[in-house]
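Novice: Curious how this folds, go ahead:
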Amino acid sequence: MEQQIAELLRQKQELIRALQIRDHSSSQNWPAIKAIRAKTEQNLNNLLREYMDIFDDKLGEISNYEAKLKLRSGVKPIFCRVRTVPFALKGRVEKEIDRLEREGVIEKVESSLNGQPQ
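Specialist: Purely as a prediction, here's the structure:
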């Protein structure tokens, strides 16, 4: 039995040499790698704490900036029919619209010049 095990080990070593497979696991410096990983995680946590207001889930806003849209002269707005939302998605779409309105991303209007047939 011991001879069979020794023979199998010898064959395994020959196969590893033939395939040029190298075992680097014993030469790895795992404590150093773990220390680097811990330091990286600590740095990340420090950045997240320092810039907490940037990494929260709220939308930000740009102050002191005015957006401008440049349109070609003579261009007339076109009317597009309202797209219907599939019934299965209606509840989720309404919730999302309400959320965007609460956060000030969009605002409700009663009528729009561009929302009427010309």
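
Novice: and the helix of greatest length in the chain, how far from the chain's centre?
Specialist: The residue-count maximum for a helix in the chain (DSSP state H) belongs to helix 30-50. From the chain centre to the centre of helix 30-50 is a distance of 21 Å (C-alpha atoms, centre = their mean, to the nearest Å).

Novice: Name the next helix or strand downstream of it, please.
Specialist: Sequence-wise, the next helix or strand downstream of helix 30-50 (DSSP states H and E) is helix 87-102.

Novice: Low-confidence regions, this structure specifically.
Specialist: Flagging of the chain using pLDDT under 70 yields the residue ranges 1, 23-30, 113-118.

Novice: mind redoing it with 90?
Specialist: 1-63, 66-71, 74-83, 103-105, 108-118 (pLDDT under 90).

Novice: follow-up on the earlier one: and for the longest helix of the chain, what's in contact with it?
Specialist: residue 55 (C-beta atoms under 8 Å, 6 or more residues apart in numbering). C-beta here means a position set from N, CA and C on the backbone, and glycine is covered the same way.

Novice: Check which residues of it are buried.
Specialist: For helix 30-50, burial by neighbour count (16 or more other C-beta atoms under 10 Å) applies to no residue.

Novice: Export that helix to CSV, keeping only CA atoms.
Specialist: Once non-C-alpha atoms are left out, helix 30-50 reads as follows in CSV (Å, rounded to 0.1, in the frame of the first residue of the first chain):
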residue,chain,number,x,y,z
TRP,A,30,-0.5,35.9,2.9
PRO,A,31,-0.1,38.1,6.1
ALA,A,32,1.3,41.0,4.0
ILE,A,33,-1.6,40.6,1.4
LYS,A,34,-4.2,40.6,4.2
ALA,A,35,-2.5,43.7,5.7
ILE,A,36,-2.7,45.5,2.4
ARG,A,37,-6.4,44.5,2.0
ALA,A,38,-7.2,45.8,5.5
LYS,A,39,-5.3,49.1,4.9
THR,A,40,-7.2,49.6,1.6
GLU,A,41,-10.5,48.9,3.3
GLN,A,42,-9.6,51.4,6.1
ASN,A,43,-8.7,54.0,3.5
LEU,A,44,-12.0,53.5,1.7
ASN,A,45,-13.9,53.8,5.0
ASN,A,46,-12.0,57.0,5.8
LEU,A,47,-13.0,58.5,2.4
LEU,A,48,-16.6,57.5,2.8
ARG,A,49,-16.7,59.2,6.2
GLU,A,50,-15.0,62.3,5.0
